[in-house]
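Asks: Everything below, folded, please.
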Amino acid sequence: MAEQWHVTAFLAPPEGSGDQSRLDSVRELRARILFDRGRRPAFLGPQGVHADAQDLDHGAWHFIARREPDGPPLGYVRLCPAQIGDLFQSRAFLGSEAYERLLAAEGYPVSSVFEHSRLVVEHRARKLGLGVYLNAWAIAAAHELGAQAMIGTSGTKDGQDRFHARFGFLPVPGTRRYVEQYTEDVVILLHRTADGAGEHTGLVDRLRPEFADLATGGFPRQAAKAPRAVRRPAPEGLAEQPGAVERDAWRPVLFDPALQADLDALNTLLAGGAVREVHDTIEEQLAELVRSREPSRTDPAEIEREKHEQLAGLAAWEYGTWVWYPWSGRLVHVLPREEFRLVRTDRNRGKIERPEQRRLLARRIGIVGLSVGNSAAVTFALEGIGGAYKLADFDEFGLSNLNRLRAGVHHLGVNKAVITARQMYEIDPYLEIEIHRDGLTEESIEEFFTGGGCLDLLVEECDTPWAKIAAREYARDLGIPVVMDCNDRGMLDIERFDQEPDRPLLHGLIGDVKSVDVADLDRQARIDLILAMVDADRISPELAASFGQIGHTLSSWPQLASGVALGGALTGEAARRILLGSPCGSGRFYTDLELQLRPERSTVPARSAAATA
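Replies: Residues are numbered from 1 along each chain as shown. Sure thing, here's the model as predicted:
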């Protein structure tokens with residue numbers, strides 16, 4: 001792990017003395033990562049510049065990680081020694097009296113406690129272990145500098161507190177509360193030096209003696225690397241520019257120009273140069289709104305008069321919402337939420353009437369697995385099935401996914417939940433979406449099902465046996481119906497746990513197997529279990545033949561875009577029926593196009609050879 005990262009560190013001088021440029025650069029870096037494409041708006045300053053200036057930066061150690069010595073910074077962490085303890089974030093969070101009482105109760109003098117904070121890592125480096133490595137450096141430095149304990153604040157929404165627990169940071173009871181700046185719950189964590197560093201004690205102990213080199217401007221000792229062959233320099237501009245593309249952004253930013261604060265922020269955005277395209281069709285949308293409300297109104301002059309009345313004295317640019325999509329650089333002007341949805345779903349009428357549309361938009365839907373599940377999610381968003389979603393997938397989009405997922409080559413390397421959320425928000429920017437980039441895990445599953453309100457429906461499309469079974473266990477306990485498309489022979493699986501609380505999982509095809517029984521299966525056991533889940537006697541001959549070739553001539557089981565698209569239609573039909581209370585019972589159903597397209601299934605007479613000659 002150490003050899004793939006180049007780490008430097010510096011002790012910031014007191015405020016007003018020395019060169020401040022390095023401090024300014026790390027402040028911008030961490031603010032940009034914390035801003036997280038609009039998730040934490042407090043880290044974007046009024047001039048459109050990412051800002052995170054704190055007094056305790058002065059006198060603190062700052063660690064920066066890169067892939068190469070001259071490469072862009074990819075991660076950062078701060079270590080504040082006891083000498084600046086009056087400025088600690090944890091002291092401000094608790095209040096001075098409560099902070100000192102806590103340390104006294106733990107038996108630590110205030111002068112022996114360091115604070116660890118602002119661990120930030122670019123999304124593209126998180127799965128490469130950079131967060132672990134940087135965190136270990138800060139802890140190793142604190143241990144080497146004589147800290148008896150470390151304290152800090154930690155967010156909880158993305159599991160940051162659980163990440164720190166792996167280093168021996170334990171939550172202090174009674175300290176968790178919501179913090180507006182971070183838009184999530186924050187908790188105080190305490191680390192006892194004498195107890196080591198949890199599961200990363202070995203790494204921390206190895207880095208401790210190397211801190212002296214780092215602190216004097218040297219670099220951590222590394223094993224010698226073989227010299228690289230001489231290479232031609234890449235054309236200027238090919239190297240990835242940090243921050244130039246919002247690679248992991250997925251949540252749009254909405255501006256209501258009727259609100260002064262939003263208007264100021266919109267002006268700042270436009271002045272900052274990040275907007276690549278302004279797309280404003282509000283006049284056409286208003287005309288559609290008039291025709292949706294009064295289909296018989298076709299006279300252009302009357303439509304213009306109705307549009308004028310709808311604006312009620314506002315200029316067209318002031319009406320509705322401006323939506324900023326940071327991943328594409330587009331700024332799009334749309335109608336207000338209710339009017340936008342009225343027009344967008346107007347062609348649903350006759351099949352889904354307005355009252356039914358409102359009922360569907362009030363539902364919360366969870367989707368696990370965003371390969372096949374992507375088709376379901378996009379279909380649901382198009383059709384207006386659900387107004388709030390939770391999406392879970394740990395996997396990144398790869399080149400081999402391009403045979404079946406509606407995405408492009410510019411999405412390679414992007415998390416599948418991120419891609420899906422973007423696609424859905426580009427259909428309806430007023431949706432509520434939450435993503436779980438680590439997939440469904442033991443730590444996140446309860447939050448996935450119940451956080452912010454219980455799910456009304458689960459679409460399960462993941463490949464992991466543990467997740468498939470654990471998701472159904474939770475769904476059955478909570479009375480949540482489950483829908484699954486198998487992407488083979490048009491198989492649709494429905495489990496109405498909302499109507500049948502004692503129904504066996506997967507219709508009893510796997511017996512009494514529980515999620516705890518399948519966490520550590522070997523490859524063959526996983527294949528056997530999946531075959532039981534999909535009913536091996538009913539799968540297509542092609543899929544049946546592929547299982548014996550996986551890992552030999554095939555990298556995984558075959559899937560086609562046509563089957564994935566059909567799965568979106570099937571799950572959409574089932575979801576709509578379930579959520580509206582239409583007839584739709586538990587069972588397993590096949591829309592097998594191999595059978596449906598046989599000549600004998602045609603509803604028109606076949607023409608004879610003579611007739612076609």
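Asks: Assumed residue 484 was part of a strand.
Replies: Yes: assessed with DSSP: H, G, I helix; E, B strand; the rest coil, residue 484 lies in a strand.
Asks: Quick check: it vs residue 534, distance?
Replies: Distance, residue 484 to residue 534, using CB to CB, to the nearest Å: 10 Å. The way it works is simple: take the backbone N, C-alpha and C, and place the C-beta from them, glycine included.
Asks: Who has more neighbours out of these two?
Replies: More crowded of residue 484 and residue 534, by other CB atoms under 10 Å: residue 484, with 31 against 21.
Asks: Can you tell me, leaving aside adjacent residues, what's nearest to residue 484?
Replies: residue 493 (4.2 Å; CB to CB, 6 or more residues apart in numbering).
Asks: Could you look up the SS state of the most centrally placed residue in the chain?
Replies: Taking CA atoms, centre = their mean, the centroid of the chain lies closest to residue 435, which sits 3.7 Å from it. Secondary structure for residue 435, judged by three-state DSSP, is strand.
Asks: So for the helix ranked longest in the chain, what gets flagged as buried?
Replies: Of all the elements of type helix in the chain, the one with the most residues (DSSP state H) is helix 561-580. Buried residues in helix 561-580, counted by 16 or more other CB atoms under 10 Å: 563-564, 566-576, 578-579.
Asks: Backbone dihedrals for residue 171, please?
Replies: Residue 171 has phi and psi values of phi -70, psi 140 when expressed as degrees, to the nearest 10.
Asks: I figured it hits residue 186, correct?
Replies: No: Residue 171 is not in contact with residue 186 according to CB atoms under 8 Å; the separation is 10.6 Å.
Asks: In terms of neighbours, single out the busier of the two.
Replies: residue 186 (22 against 17).
Asks: Can you give me the distance of the closest residue to that one other than its chain neighbours to residue 163?
Replies: Spatial nearest neighbour of residue 186, excluding adjacent residues (CB to CB, 6+ apart): residue 179 at 4.5 Å. According to CB to CB, residue 179 and residue 163 sit 18 Å apart.
Asks: before we move on, back to that, mind picking the two most distant members of the buried residues of helix 561-580?
Replies: Spatial extent of the buried residues of helix 561-580 (CB to CB) is set by the pair 563 and 579 at 24.2 Å.
Asks: which residues in the stretch 301-450 of the chain form strands?
Replies: Counting by DSSP state E, counting those that start in this stretch, the stretch 301-450 of the chain has strands at residues 321-325, 330-334, 364-368, 388-392, 432-436.
Asks: how about those in CSV, adding distance to residue 549 and mean pLDDT?
Replies: Shown next, in CSV, are these (distance: least, CB to CB, whole Å; pLDDT from 0 to 100):
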stretch, distance to residue 549, mean pLDDT
strand 321-325, 42, 96
strand 330-334, 44, 97
strand 364-368, 27, 98
strand 388-392, 29, 97
strand 432-436, 32, 96
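Asks: Format the ones you listed as JSON lines; extra columns: distance to residue 90.
Replies: Shown next, in JSON lines, are the strands of the stretch 301-450 of the chain (distance: least, CB to CB, whole Å):
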{"stretch": "strand 321-325", "distance to residue 90": "34"}
{"stretch": "strand 330-334", "distance to residue 90": "39"}
{"stretch": "strand 364-368", "distance to residue 90": "35"}
{"stretch": "strand 388-392", "distance to residue 90": "31"}
{"stretch": "strand 432-436", "distance to residue 90": "28"}
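Asks: between those, which gets nearest to residue 55?
Replies: For the strands of the stretch 301-450 of the chain, the distance to residue 55 is smallest for strand 321-325, at 31.7 Å, taking CB to CB.
Asks: which other helices and strands contact that closest one?
Replies: Where contact means 3 or more CB pairs under 8 Å, 6 or more residues apart in numbering; DSSP states H and E, strand 321-325 is packed against strand 253-255, strand 330-334, helix 416-427.
Asks: buried ones in the last one?
Replies: Within helix 416-427, the residues that count as buried by 16+ other CB under 10 Å are 416, 417, 418, 419, 420, 421, 422, 423, 424, 425, 426.
Asks: Spit out the contact partners of the fifth one.
Replies: Residue 420 is in contact with 367, 370, 373, 374, 377, 378, 391, 393, counting by CB atoms under 8 Å, 6 or more residues apart in numbering.
Asks: wait, residue 29 sits on residue 76?
Replies: Yes: the criterion here is CB under 8 Å, and residue 29 meets it with residue 76 at 5.6 Å.
Asks: what's the overlap in contacts for the two?
Replies: Listed as contacting both residue 29 and residue 76 by CB under 8 Å, 6+ apart are 64, 120.
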